[in-house]
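>>> sequence plus the predicted model coming up.
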Amino acid sequence: NAGVTQTPKFQVLKTGQSMTLQCAQDMNHNSMYWYRQDPGMGLRLIYYSASEGTTDKGEVPNGYNVSRLNKREFSLRLESAAPSQTSVYFCASSEDSRGLVTSQYFGPGTRLLVL
Amino acid sequence: AQSVTQPDIHITVSEGASLELRCNYSYGATPYLFWYVQSPGQGLQLLLKYFSGDTLVQGIKGFEAEFKRSQSSFNLRKPSVHWSDAAEYFCAVRNAGNNRKLIWGLGTSLAVNP
């Protein structure tokens, strides 16, 4: 049972390049999330998915797109990377009971540097 | 709007000393509260959670937290800190307007002196 896995662990991009961050969970959770973490700003929600086939914007969605490929996988795409997107990205999945999140489980993170 | 405040950005304690990390929330009804820990270079790990019932909840790694409705607080405590407890600690509350989301505090960084 691997929990939540993320790839890659590290990435360096040039401004304007694109990339996709991959996330998978093996806990059969319905809900999945993408956060970014920046110094002094805590965790900010980019997008989330309440179930397969649905996605919703979080606090800071601009410049990102997501795909809930199936129940296990939730990817985050940067179409044209900008230096402001330099951050640590965390994927999470949650147990939920009748639509109420009970606990979130996090992946190890992807450290992204945009030059 | 709901919010979570962690008043202490950074705390330093000596190994073996007791620890209390503060968390205050704003929400009228009974909140659903969480504490997470993030070790350097790692993801976040759930320490404990409070949904209802006994207001003193026990978590992993010897941590506990007490829900005090009158003070809108959910402080994290540990009687004797170990060097391996040095980490970032985050308090969170479930979003009442969207039950699938959490509202996060900005975190408290804990340093442990030998």
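In hand now; what should we look at?
>>> ok, residues contacting stretch B:16-28?
With contacts defined as CB atoms under 8 Å, 6 or more residues apart in numbering or on different chains, stretch B:16-28 is touched by B:1-8, B:11, B:13, B:31, B:33, B:35, B:71-81, B:85, B:89, B:91, B:93, B:96, B:105, B:108, B:110. To be clear about C-beta, it is placed using only N, CA and C from the backbone, and glycine gets the same treatment.
>>> mind listing the residues bridging to A:Leu43?
Beta bridges link A:Leu43 to A:Gln37, judged by DSSP bridges.
>>> okay, and which of the contacts of stretch B:16-28 map to strands?
Using DSSP state E, the members of the contacts of stretch B:16-28 that fall in strands are B:3-5, B:11, B:13, B:33, B:35, B:73-78, B:89, B:91, B:93, B:108, B:110.
>>> buried ones only from those, please, as a ChimeraX command.
To isolate the buried members of the ones in strands among the contacts of stretch B:16-28 in ChimeraX, using 16 or more other CB atoms under 10 Å in any protein chain shown:
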select /B:4,13,33,35,73,74,75,76,78,89,91,93,108,110
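>>> and chain A, which of the ones in strands among the contacts of stretch B:16-28 reach it?
Counting by CB under 8 Å from any CB of the partner chain, the subset of the ones in strands among the contacts of stretch B:16-28 that neighbours chain A is empty.
>>> chain A contacts on chain B?
B:32, B:34, B:36, B:41-46, B:49, B:51, B:90, B:94, B:99-102, B:104-107.
>>> excluding covalently adjacent residues, which one is nearest to A:Leu115?
A:Lys14 (5.5 Å; CB to CB, 6 or more residues apart in numbering or on different chains).
>>> over to B:His10?
B:Ser109 (4.7 Å).
>>> need phi/psi at B:Ile60.
Dihedral pair for B:Ile60: phi -80, psi 170, per degrees, to the nearest 10.
>>> what is the burial count for the nearest residue to it once chain neighbours are set aside?
Here the nearest residue to B:Ile60 in space, its sequence neighbours aside, is B:Leu47; by CB to CB, 6+ apart that works out to 5.9 Å. Counted with other CB atoms under 10 Å in any protein chain shown, residues neighbouring B:Leu47 total 23.
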